[in-house]
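Enquirer: Structure here, sequence nowhere to be found:
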């Protein structure tokens, strides 16, 4: 009973080798993408911790009020400054969500440099704010 000619066996072997190579390439690509996502996740966790600390500090300051060496702030002025800060934070939040949606929609496709740098730009802007 024959299992095929040598030519058929050679073609089958070549097909199997090509399939194996493609599977290895896809696996490497997934591993690389997962490594990028882990890095991004770690960076976002650090940023989240920093923002939580900043929030706690801001709430403490708001609860304690101005220090003894600071005159009481004008409530209208303070409210306006808080509204402006809230607007900036809401816009940053919207931009971060858009970035995350694009990353999820890409689903493994490499993000462009502009998309990759957008979140970093937001974080740099955050650090520059008084």
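Expert: Ah, there it is. Keep in mind that this is a model prediction, so the values were computed, not measured.

Enquirer: Going by C-alpha atoms from here, please, whenever you check contacts or count neighbours.
Expert: Fine.

Enquirer: Could you check how far the helix or strand harbouring residue 42 is from the centre of its chain?
Expert: Element membership of residue 42, judged by DSSP states H and E, is helix 6-64. Mean C-alpha position of helix 6-64 versus that of the full chain (CA atoms, centre = their mean, to the nearest Å) differs by 11 Å.

Enquirer: Return the list of helices and strands in contact with the helix or strand that comes right after that helix.
Expert: With elements assigned by DSSP H and E, the helix or strand that comes after helix 6-64 is helix 75-106. Helices and strands touching helix 75-106, by 3 or more CA pairs under 8 Å, 6 or more residues apart in numbering; DSSP states H and E, are helix 113-128.

Enquirer: What's the mean pLDDT across the helix it packs on?
Expert: Averaged across helix 113-128, the pLDDT comes to 61.

Enquirer: Would you point out the helix or strand in this structure whose mean pLDDT is lowest?
Expert: Lowest on mean pLDDT, DSSP states H and E among the helices and strands of the chain sits helix 113-128, with a mean of 61.

Enquirer: In space, not sequence, find me the middle residue of the chain.
Expert: Central residue of the chain (CA atoms, centre = their mean): residue 40, 5.2 Å from the mean position.

Enquirer: Residue 7 versus that one, what's the distance?
Expert: 49 Å (CA to CA, to the nearest Å).

Enquirer: do the same with residue 47
Expert: Here the criterion is CA to CA. By it, residue 47 lies 60 Å from residue 7.

Enquirer: Comparing the two, which residue is more hemmed in?
Expert: The residue with more neighbours, out of residue 47 and residue 7, is residue 47; 13 against 9, by other CA atoms under 10 Å.

Enquirer: Give me the pLDDT value at that one.
Expert: Each residue has a pLDDT score; the one for residue 47 is 96.

Enquirer: Look up how far residue 40 lies from it.
Expert: Separation of residue 47 from residue 40 (CA to CA): 10 Å.

Enquirer: buried sites along stretch 41-54?
Expert: Across stretch 41-54, burial judged by 16 or more other CA atoms under 10 Å covers no residue at all.
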